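J.: Any chance you can model this:
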Amino acid sequence: MLTPRKIYWPAINLVGPGSVRFVAEEVAKLNLKKALLVTDKVLNENGVVKQITDALDEGGIVYSIFDEVKPNPTTTNVHDGLAVFQKEGCDFIITVGGGSPQDTGSAIGILATNGGRIADYEGVGKSKNKSVPIVAISTTAGTAAEVTINYVITDEARKLKMIMVDPNALPVIAVNDPELMMKKPKGLTAATGLDALTHSIEGYTAKGSFELSDAIAHKSIELIGRYIERAVENGSDLEARSGMGWGSFIAGLCYSNAGLGIVHSMAHQLGGEYDLPHGVANAMLLPFVMEFNMDACPDKFAEIARALGVDTSAATSVEEAAQMAITEVRRISRAVGIPSLRESAFRVEDVEKLAKQALKDACTAANPKPVTKQDIIAIYMKAYEDEAGAAVTQ
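T.: Numbers count the residues shown, from 1 in each chain. The predicted model follows:
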C-alpha cells in the first residue's frame with residue numbers, strides 16, 4: 001500500500017449482453033471521421049462483423065474493413081493494415097475479434113502516430129506518442145487484449161512472438177458483449193477460457209501484484225471456475241457466456257497492471273515456432289508452471305483452489321491446499337478437452353532454443369520466483385512427458 005501505482009484501463013468499458021449497441025453513441029462523442037475496422041475473414045463472413053457494422057451504420061459512423069488478420073498476427077498483417085488505414089484516410093480504429101485483431105489494431109495504431117516498423121516497438125514503453133483512438137470489441141472471453149497495454153505480433157522471419165508493453169496502445173473504449181460470443185465452437189471456447197484463467201492466476205501471483213489486482217484476480221478465478229465448463233458444453237448458455245465475459249474482462253484489468261509470468265513466456269515461443277493457438281499453448285503449460293511457482297506463494301495458490309470452488313478444509317498444510325489448485329486446473333483442462341503438449345507440434349530438439357527465447361520474453365521478469373533456462377527446459381519436458389491431456393473438443 002505504500003508503493004505508488006500507475007493503473008491503466010480504458011476510459012470507457014461497455015460490458016454485458018447488448019452492450020455493443022452503445023458503441024456508435026460513444027464513438028460519436030469522440031468527433032472522429034472514419035474508422036478502419038480490423039478483423040479476420042471468419043468473423044467477417046459468419047455475420048459477427050455485420051452485427052457491429054449494422055450498429056455503426058445506424059449511428060452514422062463511417063468505416064472501411066480490413067479483414068486480413070491471421071490467428072497469430074504477423075508483421076505483414078500490421079503493415080498491410082497500416083497501408084489501408086492511410087489509403088482510406090482513417091483517423092481511428094475499431095477492432096473486432098479475439099486477441100489477434102485486437103493486437104493487430106494496437107500495432108497499426110502505434111505505427112500510425114509513431115512511424116517506423118513494428119519491430120521497433122518490441123519491449124516495454126518504446127513508443128513516444130499515443131496511438132490513434134481504438135475502440136476494441138471482443139468476441140471471445142479469453143485474451144482481454146481489448147483492455148490491456150500489451151500486444152503481441154509474430155516476426156515471421158525469426159519465428160518469434162514480439163511482446164510490446166505500451167500504455168500508448170491502450171484502447172479508449174472496450175466492449176465485452178457476450179451476445180457476440182454465442183455459439184463459438186467448443187474448442188475455441190475452451191482455449192480462450194483457459195487463456196483467461198491463466199491471466200488471472202498469473203496476475204494474482206505475479207511479482208507486480210497489489211491490492212486491487214489481487215481482488216479482481218480472485219473474482220475472475222471464481223467466475224471462470226464456475227462457468228467455463230458450462231460455456232464449453234453449451235455455447236448458447238447466455239449466463240455462462242456472460243460469466244466468462246466478465247471473468248476474462250477483469251482478468252485483463254488485473255494482468256495489464258500486475259504482470260504475467262513464464263506460462264506466457266513459454267507459450268509465446270510455442271505460438272511463434274509452431275503457430276500454436278495462444279490459449280491452447282497457455283493451457284498446456286499452466287499446471288506445470290503452477291507446480292514450479294507454488295513454493296514462492298503457497299498461500300495464494302491455496303486461495304486459488306478455494307476460488308475455484310475446491311473444499312480445502314481437509315488439507316493438513318497450506319502446501320497441501322495449494323496443490324489442490326493445481327489438481328483442479330488439470331481437471332478443468334481435461335474436462336474441456338485441452339490436449340497435452342505431446343499432442344502438439346512441439347519438437348524436443350527445439351527445447352533449448354525455445355527456453356532461451358522464453359527467458360528473454362518480457363513476461364519472465366514478473367514471474368513470482370527466479371527462473372533459469374534449465375528450469376524452463378525442465379518445465380517444457382515435464383509437460384511433454386505428461387500423458388493426462390485429451391484431444392481438443394471440436
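J.: quick one, what contacts the closest residue to residue 368 other than its chain neighbours?
T.: Spatially, and ignoring its direct neighbours in sequence, residue 368 is nearest to residue 296 (4.2 Å; CB to CB, 6 or more residues apart in numbering). Using the backbone N, CA and C atoms, a C-beta is placed for each residue, glycine as well. By CB atoms under 8 Å, 6 or more residues apart in numbering, the residues touching residue 296 are 205, 368-369.
J.: Look up how far residue 323 lies from residue 296.
T.: Look at residue 296 and residue 323: by CB to CB, to the nearest Å, they are 14 Å apart.
J.: So the residue most central in space within the chain, which state does it fall into?
T.: Centroid-nearest residue in the chain: residue 143, 2.0 Å away (criterion: CA atoms, centre = their mean). Three-state assignment for residue 143 (DSSP: H, G, I helix; E, B strand; the rest coil): coil.
J.: what's the burial count for the residue nearest to it when sequence neighbours are not counted?
T.: Nearest residue to residue 143 in three dimensions, chain neighbours excluded: residue 99, at 3.2 Å (CB to CB, 6+ apart). Using other CB atoms under 10 Å, residue 99 has 27 other residues around it.
J.: One more: residue 79?
T.: Residues near residue 79, counting by other CB under 10 Å, number 14.
J.: any idea which element it lies in?
T.: Element membership of residue 79 [criterion: DSSP states H and E] is helix 75-87.
J.: What's the separation between the residue located most distally from the centre of the chain and residue 323?
T.: Distance to the chain centre peaks in the chain at residue 316, reaching 35.3 Å (criterion: CA atoms, centre = their mean). Noted for residue 316: a distance of 11 Å to residue 323, by CB to CB.
J.: CA-only coordinates of stretch 64-83 in PDB, if you can.
T.: Provided in PDB are the C-alpha atoms of stretch 64-83 (Å, rounded to 0.1, in the frame of the first residue of the first chain):
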ATOM      1  CA  SER A  64     -13.600   0.700 -44.100                       C
ATOM      2  CA  ILE A  65     -12.900  -3.000 -43.300                       C
ATOM      3  CA  PHE A  66      -9.500  -4.700 -43.100                       C
ATOM      4  CA  ASP A  67     -10.100  -8.500 -42.600                       C
ATOM      5  CA  GLU A  68      -6.700 -10.000 -43.400                       C
ATOM      6  CA  VAL A  69      -5.700 -10.700 -39.800                       C
ATOM      7  CA  LYS A  70      -4.200 -14.200 -39.100                       C
ATOM      8  CA  PRO A  71      -4.700 -16.300 -35.900                       C
ATOM      9  CA  ASN A  72      -1.200 -15.400 -34.800                       C
ATOM     10  CA  PRO A  73      -0.900 -11.900 -36.400                       C
ATOM     11  CA  THR A  74       2.300 -11.100 -38.300                       C
ATOM     12  CA  THR A  75       4.400  -8.000 -39.100                       C
ATOM     13  CA  THR A  76       3.000  -8.300 -42.700                       C
ATOM     14  CA  ASN A  77      -0.600  -8.100 -41.300                       C
ATOM     15  CA  VAL A  78       0.300  -5.000 -39.400                       C
ATOM     16  CA  HIS A  79       2.000  -3.200 -42.200                       C
ATOM     17  CA  ASP A  80      -0.700  -4.200 -44.700                       C
ATOM     18  CA  GLY A  81      -3.400  -2.900 -42.300                       C
ATOM     19  CA  LEU A  82      -1.500   0.400 -41.900                       C
ATOM     20  CA  ALA A  83      -1.400   0.900 -45.600                       C
END
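J.: average pLDDT for it?
T.: In this model, stretch 64-83 has an average pLDDT of 94.
J.: Report the distance from it to the chain centre.
T.: In terms of CA atoms, centre = their mean, to the nearest Å, the gap separating the centre of stretch 64-83 from the centre of its chain is 18 Å.
J.: For it, buried residues please.
T.: 65-69, 71-75, 77-78, 80-82 (16 or more other CB atoms under 10 Å).
J.: Contacts for that stretch, please.
T.: 34-41, 43-44, 49, 53, 84-85, 88, 90, 97, 100-101, 103-105, 107-108, 111-112, 117-119, 152-156, 161, 271-272, 275, 277-278.
J.: now stretch 227-238
T.: Outside stretch 227-238, the residues that reach it (CB under 8 Å, 6+ apart) are 17, 141, 178-179, 182-186, 189-190, 193-194, 197, 239-241, 243-244, 247, 332, 335-337, 393.
J.: try 7 Å this time
T.: For stretch 227-238, the external contacting residues (CB atoms under 7 Å, 6 or more residues apart in numbering) are 17, 178, 182-184, 186, 189-190, 193, 240-241, 243-244, 247, 332, 335-336, 393.
J.: now, among the buried residues of stretch 64-83, which is nearest to residue 353?
T.: residue 72 (17.7 Å; CB to CB).
J.: Please tell me I have it right and the residue nearest to the centre of the chain contacts residue 195.
T.: Yes. Between residue 143 and residue 195 there is a contact at 6.0 Å, judged by CB atoms under 7 Å.
J.: Quick one: buried ones out of the contacts of stretch 64-83?
T.: 35-40, 43-44, 49, 53, 84-85, 90, 97, 100-101, 103-105, 107-108, 111-112, 118, 152-154, 161, 271-272, 277-278.
J.: Now for residue 274, how many residues are close by?
T.: 17.
J.: show me the contacts for it.
T.: Residue 274 neighbours (CB under 7 Å, 6+ apart): 344-346.
J.: Most neighbours among these, which one?
T.: residue 346 (21 neighbours).
J.: quick one, phi/psi of that one?
T.: phi -50, psi 140 (degrees, to the nearest 10).
J.: how does the protein divide up, domain by domain?
T.: Per automatic domain parsing, the domain ranges recorded for the chain read 12-180, 186-385.
J.: Dump the ones you listed to a markdown table, plus distance to residue 5.
T.: Formatted as a markdown table, the domains of the chain follow (distance: least, CB to CB, whole Å):
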| stretch | distance to residue 5 |
| --- | --- |
| domain 12-180 | 13 |
| domain 186-385 | 6 |
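J.: quick one: which of those is nearest residue 4?
T.: domain 186-385 (10.5 Å).
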